[in-house]
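Colleague: just the structure for this:
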Amino acid sequence: MRVLDLSRTVAGGYCGSMLALAGAEVSHCDIESDTLPAPLDDRLVLDYVHRGTATLPVVAPAQIANLVREYDALIEDWGPGILEQLTGGEPQLRESAPSLVITRVSEFGQTGPWANWTGSELVNLAAGGMLFLTGQWDRPPVQLAPYQAQLTAGLLAAIATMAALLGGGPLTIDLSKQEAVLALVNPAPSEYLYSGTITARDGRVAAMPRIERASDRWVYVGPGAALTADYKRYAECVGIPEFAEERFAGPEGRMANWEEHQRLLQARLLERTADEWVAAGAAHHLTFGHVQSTTDLLNDPVLAERGYLAETNLDSHTATVPLAPYLLDGVRPATLAHPQASTT
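Modeller: Reported below is the predicted structural model:
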C-alpha cells in the first residue's frame, strides 16, 4: 500500500507515520501555495511525526492530480474547502486514481457550523470535553502533555485509513479533532444519557494522597478509590499506624484531618526512593506508580526488554523514538531507517 502524505500538522504526519509502522510505503510532500496554513514551527516534532516517511520534492497544486496516480491513499489536514480550491476536489483526484482513499483531518470536520473555525491544541481539548475532567476539582482544568489531541486524531485517522484500504476504497474519511478527543472521554457522554450523571472532577478525591515526593523523585501513592480505600492496609504499607485509626477511614475524616495526614505521610515518603515505595505498594496490593521523566523512560527496563524504544536518524540528528505500540506475534513492527529524499 502506498500513501501520499500532504499534511502540515502533527495530526496528519502522525497518521502517516503510524501507517508506515504498519507496513505502508508513505511519502510526504509539501505543496507550494500561499493558501495553505503554515506548517508547525518545530522541526524536531515534524521530523518525529514523519519518521519512516520518504520526502518528495515540493510540487505545485496542479501536479497533485497526476501525483496521486501512484498512490492508494492521500492524507491532508489543510481545512475544509482548500483541497477543492487547489485541486478541484475529490472528483478530480479520483479521475486520476479511481480507488483512492482520501483521509481529511480538520479541527471540527469538513461539515457543520464550526467547520471553518480555527483550532489549536487547547481548543481541541476544551471542545472535546477533556479539560472538563482534568486537574483538581476546585482549580482550573489542567492541560495534558503537548500534542495529545493531535496525536489522538492522527492515530484514529490511521486506523480509519487502514480499514478503508483493506476494504478496497474508494472512500473519504472525514476526521474531526474535536470528535477524536471526545472518543477519549467516553463513557462520560453515555453515562449522562443513561443516568443523567455528569462526570466531573470529584471533590472527595482531594482526600486522597496523589503525587507525592519520595527521596529521589515524585511517586504516585494512592491506596485506591476515595470511597473504598483500605486505610488499615495502607497504614501497614507506609508504616504510619495512625492511618489505621477511624478518623482516617473515610474521605470526610481524612479531609477533616488532612493537615496531619499530609505531615505524617510526606515525612515518611522522604525516607525511601520511588522504586522502593512502588515495590512496597505491590507487596501490599496497592496501586503505587513511578512518575517517570523522559530520562527515566529512556532508561526504563520494561520498555527496553520489550523493545519499544529504538535509535533512529531524524534528518540531521540521531534520536531515540518509540516504535509501534504493539507486538505482532511477539515482534515489534519497526521502521528505523529514515528514508532519503526522493527525486522522482
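
Colleague: tell me where this structure has strands.
Modeller: 2-5, 25-28, 54-55, 73-76, 101-106, 171-176, 211-213, 218-220, 289-290, 309-314, 317-322 (DSSP state E).

Colleague: which helices and strands does the fifth one pack with?
Modeller: What that stands for is strand 101-106. Strand 101-106 sits against helix 10-21, strand 73-76, helix 148-167, strand 171-176, with contacts defined as 3 or more C-beta pairs under 8 Å, 6 or more residues apart in numbering; DSSP states H and E. All C-beta atoms are positioned from the backbone trio N, CA, C, and that covers glycine.

Colleague: which among the ones you listed is found nearest to R268?
Modeller: helix 148-167 (33.7 Å; C-beta to C-beta).

Colleague: angle of that closest one against strand 101-106?
Modeller: With axes from the mean of the first three to the mean of the last three C-alpha atoms, to 10 degrees as the basis, helix 148-167 and strand 101-106 are set at 160 degrees to each other.

Colleague: buried residues in helix 148-167, which are they?
Modeller: 148-162, 164-165 (16 or more other C-beta atoms under 10 Å).

Colleague: ditto for stretch 256-274
Modeller: N257, H261, L264, L265, R268, L269, R272, A274.

Colleague: burial of the nearest residue to the second one once chain neighbours are set aside, as a residue count?
Modeller: Beyond its immediate neighbours in the sequence, the residue positioned closest to H261 (C-beta to C-beta, 6 or more residues apart in numbering) is R254, lying 5.7 Å away. Burial of R254, expressed as a neighbour count using other C-beta atoms under 10 Å, amounts to 23.

Colleague: what's near enough to touch the residue most central in space within the chain?
Modeller: Nearest to the mean C-alpha position of the chain, counting by C-alpha atoms, centre = their mean, stands Q148 at 4.0 Å. Shown in contact with Q148 (C-beta atoms under 8 Å, 6 or more residues apart in numbering): E121, L125.

Colleague: give me the pLDDT value at it.
Modeller: Looking at Q148, its pLDDT reads 93.

Colleague: R104 and L175 touch, don't they?
Modeller: Yes - using C-beta atoms under 8 Å, R104 is in contact with L175, at 6.9 Å.

Colleague: any stretches of the stretch 151-300 of the chain with poor pLDDT?
Modeller: By pLDDT under 70, the low-scoring segments of the stretch 151-300 of the chain are 187-192, 197-206.
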